[in-house]
Structures are given as structure tokens and as C-alpha cells.
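1. missing the sequence, but the structure's below:
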């Protein structure tokens with residue numbers, strides 16, 4: 001199973017040293033580049049060697065105005081999940 005993550009779950013799992021749960025539960029974790037940007041403020045050391053089970057993808061679609069109230073990581077994670085759902089069928 002592949003999941004799309006925003007900043008919060010990654011941030012907290014990394015801070016408590018339990019990020020290894022993610023590759024144990026999911027084949028791959030896809031994150032938009034905005035999530036890495038948000039993580040860089042909290043966990044710089046971890047970002048120096050991003051694990052191979054993290055896949056970073058840029059958002060290619062136009063921003064969804066309906067999501068403007070969200071943080072960039074949340075907004076891009078939703079857009080990325082939507083685009084992955086459409087391409088999986």
C-alpha cells in the first residue's frame with residue numbers, strides 16, 4: 001500500500017523515533033515537496049539522509065482555491081492524493 005502524508009504524522013513519528021513504523025506498514029510514503037520544506041524547520045538532521053521509502057513529488061496541478069485555508073503541506077498532500085487516485089484507475 002502507498003500512502004500520501006502531510007507534515008504532522010511524519011514530524012511526530014520522527015521526533016519520537018518511530019518513523020520505522022511507516023515502511024513496515026506501507027510500501028511507500030509519498031510526500032509533496034512542501035512537506036519537506038515544513039519538516040526542515042523541525043527535523044533538519046533527519047532530512048540530511050531521507051530514507052528510500054519516502055518518495056518526494058512536486059505538485060503539477062494548479063492550486064485548488066478551495067484548499068487555500070490550509071497550510072502548504074496539507075494543501076499539496078491533498079492535491080497529490082487526488083492526482084494519485086485519478087492515475088491509479
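-> That came through fine. A quick note: this is a predicted structure, and the numbers were derived from the prediction, not measured.

2. what about the nearest residue to residue 81 once chain neighbours are set aside, how many neighbours?
-> Leaving aside its sequence neighbours, residue 81 sits nearest to residue 4 (Cβ to Cβ, 6 or more residues apart in numbering; 4.2 Å). (C-beta placed from N, C-alpha, C; glycine too.) Neighbours of residue 4 under the rule other Cβ atoms under 10 Å: 22.

3. Residue 4 contacts residue 79, doesn't it?
-> No. Assessed by Cβ atoms under 8 Å, residue 4 is found out of contact with residue 79, at 9.4 Å.

4. Can you check which residues contact both of these two?
-> residue 32 (Cβ atoms under 8 Å, 6 or more residues apart in numbering).

5. if we can go back for a sec, so who does the residue nearest to residue 81 touch?
-> Residues near residue 4 by Cβ under 8 Å, 6+ apart: 29-32, 77, 80-81, 84.

6. Narrow those residues to those in strands?
-> Residues of the contacts of residue 4 located in strands (DSSP state E): 29-32.

7. returning to that earlier point: where is pLDDT lowest across the contacts of residue 4?
-> Scanning the contacts of residue 4 for pLDDT, the low point is residue 84. It has 65.

8. If you tally nearby residues, what's the number for the residue lying closest to residue 78 once chain neighbours are set aside?
-> In this structure, residue 78 finds its nearest non-sequential neighbour in residue 67, 6.0 Å apart by Cβ to Cβ, 6+ apart. By the criterion of other Cβ under 10 Å, residue 67 has 16 neighbours.

9. Let me know the pLDDT of residue 67.
-> Residue 67 carries a pLDDT value of 90.

10. Spit out the contact partners of it.
-> 74-75, 78-79 are the contacts of residue 67 under Cβ under 8 Å, 6+ apart.

11. now, which of the residues you listed lie within helices?
-> 74-75, 78-79 (DSSP state H).
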